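[1] have a look; sequence and predicted model below, questions after that.
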Amino acid sequence: MYSIQATNYTIEIGSLIDSSLALLLGSQFKESKKIILVDENTKQFCLEYLITSYQELAFAEIIELPAGEENKQLEMCVQVWEALTEYQIDRKALIINLGGGVITDMGGLIASLYKRGISFINIPTTLLAMVDASVGGKTGVDLGIFKNQIGLFAFPKAVFIDPGFLNTLDNLQFKNGLAEMLKHGLISDLNHWKKLKTCVLNHENLTDELIQLSVNIKNQIVISDPFEVNERKKLNFGHTIGHAIESFYLEKKTPILHGLAIAAGIQIENYISLQMNFISQIEYDEINQFISQTYPKLNFTSENFDQIISNTKQDKKNIKNQVMMVLLKSIGSAVVDVPVTEEMIRSGLNNYLKG
Ligand code: GLY
């Protein structure tokens with residue numbers, strides 16, 4: 001079992017059966033009511049494994065939410081709060097979020113606001129949630145099409161990452177999570193980037209060690225700046241444009257996977273990094289070539305640029321209506337709070353479509 005100390009909780013990576021979950025359930029939360037939040041996929045594929053492994057969960061209340069980013073809305077939280085009220089769940093209760101990023105983000109918010117806050121733990125089941133959403137204390141829901149517009153920082157009691165859940169990882173889910181891992185390499189570790197590049201041709205190269213390294217990179221940044229005043233903004237590389245593109249597809253009611261939007265965001269923000277003389281041509285080319293070979297080209301057109309640019313105005317890093325971006329200085333090093341004009345974003349979008 002590989003253990004990482006986070007702000008005020010522990011992240012364990014390894015088989016759930018060998019983790020300290022049993023200890024937690026049998027001691028601190030022995031007398032607590034347990035609620036497991038699932039979606040239709042984790043209910044079908046992961047829940048039985050969890051419940052049959054821990055007798056303490058035999059009487060847990062199971063609450064199922066519909067899967068998909070389009071359901072990451074406050075209305076869903078209200079339904080869960082009503083269910084918790086009906087089950088007479090008190091403040092000593094424990095919510096276990098078993099799922100991808102939608103479940104861990106939304107479950108964290110639900111737990112943190114119910115009766116002013118009850119405990120929660122995250123058991124991420126997708127690669128994306130393992131390396132990003134489940135760690136770092138960002139909870140939230142979208143407001144209409146705008147990503148994570150409503151939320152708060154709230155830290156889980158523990159995070160258990162069991163790579164065994166990835167046994168059936170299909171190519172799309174692999175790429176979905178890989179985008180965030182590549183981002184970790186790009187903003188802080190050249191070697192991580194290099195190793196991750198080899199995973200595309202051979203998924204078996206995606207070892208538990210690489211997952212650990214990504215979680216470590218994220219965790220170190222979060223520890224240095226838990227509430228995103230400065231350093232943590234680096235974790236948003238690729239996300240100013242990526243989220244704006246994701247919102248565009250949410251508005252069209254044809255949502256795309258977060259990682260695919262972030263891959264496009266990385267390409268466009270890499271181009272802006274070049275145009276603003278932060279990154280060298282040679283490193284720009286390396287990133288551009290790899291991401292464009294690995295990820296499908298998204299199908300928006302120049303007619304959609306105004307909408308995408310308008311969506312960037314909701315980015316949480318903006319200051320006084322000015323879009324502020326995270327840009328790359330080199331592979332492994334990023335700079336935050338760079339003001340970027342609409343023209344620059346438009347030229348990045350144009351370059352993406354041409355490439
Ligand atoms: N996903 C970016 C962060 O947690 O800060």
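    Yep, that arrived.

[2] checking my notes, Val326 in a helix, right?
    No - residue state for Val326 (DSSP: H, G, I helix; E, B strand; the rest coil) corresponds to strand; a helix is not indicated.

[3] could I get the pLDDT score of it?
    Val326 is assigned a predicted lDDT (pLDDT) of 98.

[4] these two touch, right, it and Val340?
    No - using CB atoms under 8 Å, Val326 is not in contact with Val340; the gap is 10.1 Å. Glycine gets a C-beta too; all of them are placed from N, C-alpha and C.

[5] give the residues shared as contacts by these two.
    Thr240 (CB atoms under 8 Å, 6 or more residues apart in numbering).

[6] so the two - more neighbours on which side?
    Set Val326 next to Val340 and count neighbours by other CB atoms under 10 Å: Val326 wins out with 23 against 20.

[7] could you pull up the residues touching the more buried one?
    187, 233-234, 236-240, 269, 317, 334-336, 338.

[8] please report the distance of it from Val135.
    For Val326, the distance to Val135 equals 19 Å [CB to CB, to the nearest Å].

[9] then Glu64?
    Look at Glu64 and Val135: by CB to CB, they are 24 Å apart.

[10] need the three-state assignment for the residue of the stretch 51-200 of the chain at minimum distance from the ligand.
    For the stretch 51-200 of the chain and the ligand, the shortest gap (CB to the nearest ligand atom) falls at Gly136, measuring 4.1 Å. At Gly136 the chain is in coil, as set by three-state DSSP.

[11] for the ligand, what's its nearest residue on the stretch 151-300 of the chain.
    Closest approach of the stretch 151-300 of the chain to the ligand (CB to the nearest ligand atom) occurs at Leu235, with a separation of 3.7 Å.

[12] what about the closest residue to Asn304 other than its chain neighbours, how many neighbours?
    Nearest residue to Asn304, sequence neighbours excluded (CB to CB, 6 or more residues apart in numbering): Phe248, at 6.2 Å. By the measure other CB under 10 Å, the count of residues near Phe248 is 21.

[13] contacting residues for Phe248?
    Taking CB under 8 Å, 6+ apart as the test, what Phe248 contacts is Ile145, Phe300, Asn304, Gln307, Ile308, Asn311.

[14] likewise for Gly101?
    Gly101 sits next to Pro124, Thr126, Leu128, Ala129, Asp132, Ala133, Ser134, His258 when contact means CB under 8 Å, 6+ apart.

[15] export those residues to a markdown table and tack on neighbour count, pLDDT and distance to Gly101?
    A markdown table is the format used below for those (neighbours: other CB atoms under 10 Å; pLDDT from 0 to 100; distance: CB to CB, whole Å):
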| residue | neighbour count | pLDDT | distance to Gly101 |
| --- | --- | --- | --- |
| Pro124 | 27 | 98 | 8 |
| Thr126 | 26 | 96 | 7 |
| Leu128 | 25 | 97 | 6 |
| Ala129 | 27 | 97 | 5 |
| Asp132 | 27 | 97 | 7 |
| Ala133 | 26 | 93 | 3 |
| Ser134 | 30 | 88 | 8 |
| His258 | 24 | 97 | 7 |
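
[16] just these: which are in helices?
    Among the contacts of Gly101, the subset assigned to helices under DSSP state H consists of Leu128, His258.

[17] out of the contacts of Gly101, who's near the ligand?
    For the ligand, the contacts drawn from these by CB under 6 Å from any ligand atom are Asp132.

[18] tabulate the contacts of Gly101 (TSV), appending distance to Pro226.
    Converted to TSV, the contacts of Gly101 look like this (distance: CB to CB, whole Å):
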residue	distance to Pro226
Pro124	19
Thr126	24
Leu128	21
Ala129	19
Asp132	16
Ala133	16
Ser134	15
His258	22
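
[19] which secondary structure state is assigned to Ile62?
    Recorded secondary structure, Ile62: strand (three-state DSSP).

[20] so what's the closest residue to Val222 other than its chain neighbours up against?
    Nearest residue to Val222, sequence neighbours excluded (CB to CB, 6+ apart): Gly136, at 4.5 Å. Applying CB under 8 Å, 6+ apart, we find Gly136 in contact with Ala6, Lys218, Asn219, Val222, Leu235.

[21] how much space between the closest residue to the first one other than its chain neighbours and Ile110?
    Right, the one you point to is Ala6. With sequence-adjacent residues excluded and distances taken as CB to CB, 6+ apart, Ala6 is closest to Asn219, at 5.4 Å. Distance check for Asn219 against Ile110: by CB to CB, it reads 24 Å.

[22] next up, the contacts around Gly151.
    Shown in contact with Gly151 (CB under 8 Å, 6+ apart): Asp105, Leu109, Lys138, Thr139, Gly140, Val141.

[23] select only the buried ones of those residues in ChimeraX?
    A single ChimeraX command is used to select the members of these judged buried by 16 or more other CB atoms under 10 Å:
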select :105,109,138,139,140,141
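
[24] restrict the contacts of Gly151 to those near the ligand?
    Contacts with the ligand within the contacts of Gly151, as defined by CB under 6 Å from any ligand atom: Lys138.

[25] pull the most distant pair out of the contacts of Gly151.
    Lys138 and Val141 (11.5 Å; CB to CB).
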